[in-house]
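A.B. asks: sharing a sequence plus its predicted fold:
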Amino acid sequence: MLSKSNLILAVPPTDMMAAQSHGLTLAHMAYRVGGGPHLFRANLPVPVRGGFMVMDDSGFDGRGDPAPFCQEVVRECVARGYTGVICDFDRHIPLLGQAITALSPLLSRRGWPLYIPEQYANYSDSAKVLIPTALSGGSLRVRLQEVAQRYGTGRVALAVERSAEDFFLPSPNGQGIHLSQEELQRRIAERGPVVFFSNELCAHYFTYMNRQNGAHFILFDDAASIRKKLQIARSLGITDALLPYPEVSDLLTSILS
């Protein structure tokens, strides 16, 4: 059985009750950086306590003073009993980097981890750097070895993604079209392909031909490939991993068993 230690489950408020049954640390996807900046919170059930805070940068204009915002984050963590913060920032915004620099020692003094995207790694020398698992080329093991050497093994955390992408061949930019799970299963049912496993990418794949636009390459994850990614990380001493509940809810029992 895969150890549940250091596995974090990112969960929206609507899924909290269902997610609790898996016995993992919950990271509450209920916060965002708003104008000011200020900490904005979605509706959370009153009894929510413990776990981690997840905040994103959707709609943030990049202006303001980060110091009061950092104090808001700490106060909310204290009020809710959170013991860690995850920054789910999609854009590189200098003011958010300043906030990470200021927030990092505030959390460290309390023994609370801070998780940040790799594009913000230079703003803190103690925050854990989230490394996405989805690759379209190269090797996951080599990628993790490289970041472990760059930041230190203890600072690297896996950001698990359930990949399902359709690539045109050739694919010079390595960018595919995202597939929903329904679209993925429809392609498999229609094509009846032979599915292979890439040890380098740590994902399943198959190819098919389309009369309109030629050759396609589909790369996707299931419970087995996600388990393998977690096992590779742990073999390198990387123990922390963030799993997105909405994407993996139907696989969690298989991933953990």
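C.D. replies: That came in fine, so what should we check first? Residues are numbered from 1 along each chain as shown.
A.B. asks: so what's the residue minimising distance to the centre of the chain bridging to?
C.D. replies: Centroid-nearest residue in the chain, with CA atoms, centre = their mean: residue 159, separated by 3.4 Å. Applying DSSP bridges to residue 159 yields these beta-bridge partners: residue 132, residue 242.
A.B. asks: surely it is in contact with residue 144?
C.D. replies: No. Using CB atoms under 8 Å, residue 159 makes no contact with residue 144, being 11.6 Å away. All C-beta atoms are positioned from the backbone trio N, CA, C, and that covers glycine.
A.B. asks: anything in contact with each of these two?
C.D. replies: Counting by CB atoms under 8 Å, 6 or more residues apart in numbering, the shared contacts of residue 159 and residue 144 are residue 131.
A.B. asks: check contacts around the residue nearest to the centre of the chain.
C.D. replies: Contacts for residue 159 (CB under 8 Å, 6+ apart) come out as 130, 131, 132, 133, 241, 242.
A.B. asks: closest to residue 186 among these?
C.D. replies: Here the nearest of the contacts of residue 159 to residue 186, counting by CB to CB, is residue 133; it sits at 24.2 Å.
A.B. asks: does the closest one really touch residue 147, like I thought?
C.D. replies: No. Judged on CB under 8 Å, residue 133 makes no contact with residue 147 at a distance of 12.0 Å.
A.B. asks: run through the strands of the stretch 51-200 of the chain in chain order.
C.D. replies: Counting by DSSP state E, counting those that start in this stretch, residue ranges of the strands within the stretch 51-200 of the chain are 52-56, 85-88, 114-117, 128-132, 156-159, 164-168, 177-178, 196-198.
A.B. asks: figure out which of those strands is closest to residue 213.
C.D. replies: The closest approach between residue 213 and any of the strands of the stretch 51-200 of the chain, judged by CB to CB, belongs to strand 164-168 at 6.2 Å.
A.B. asks: mind listing the strands that closest one pairs with, and their directions?
C.D. replies: strand 177-178 (antiparallel), strand 214-220 (antiparallel).
A.B. asks: list just the one of those strands that sits closest to residue 189.
C.D. replies: Going by CB to CB, the one of the strands paired with strand 164-168 nearest residue 189 is strand 214-220, 12.8 Å.
A.B. asks: and for the closest one, what are the contacting residues?
C.D. replies: By CB under 8 Å, 6+ apart, the list of residues contacting strand 214-220 reads 136, 163-169, 171, 176, 179, 184, 187, 193, 198, 201, 203-210.
A.B. asks: distance between the very next helix or strand once past that strand and the chain's centre?
C.D. replies: Using DSSP states H and E, the helix or strand that follows strand 214-220 in sequence is helix 223-235. Counting by CA atoms, centre = their mean, to the nearest Å, helix 223-235 is centred 14 Å from the centre of its parent chain.
A.B. asks: for stretch 27-37, same thing?
C.D. replies: Centre to centre, stretch against its chain (CA atoms, centre = their mean), the figure for stretch 27-37 is 16 Å.
A.B. asks: on that earlier part again, closest one to residue 35 among the strands paired with strand 164-168?
C.D. replies: Closest approach to residue 35 among the strands paired with strand 164-168 (CB to CB): strand 177-178, 29.9 Å.
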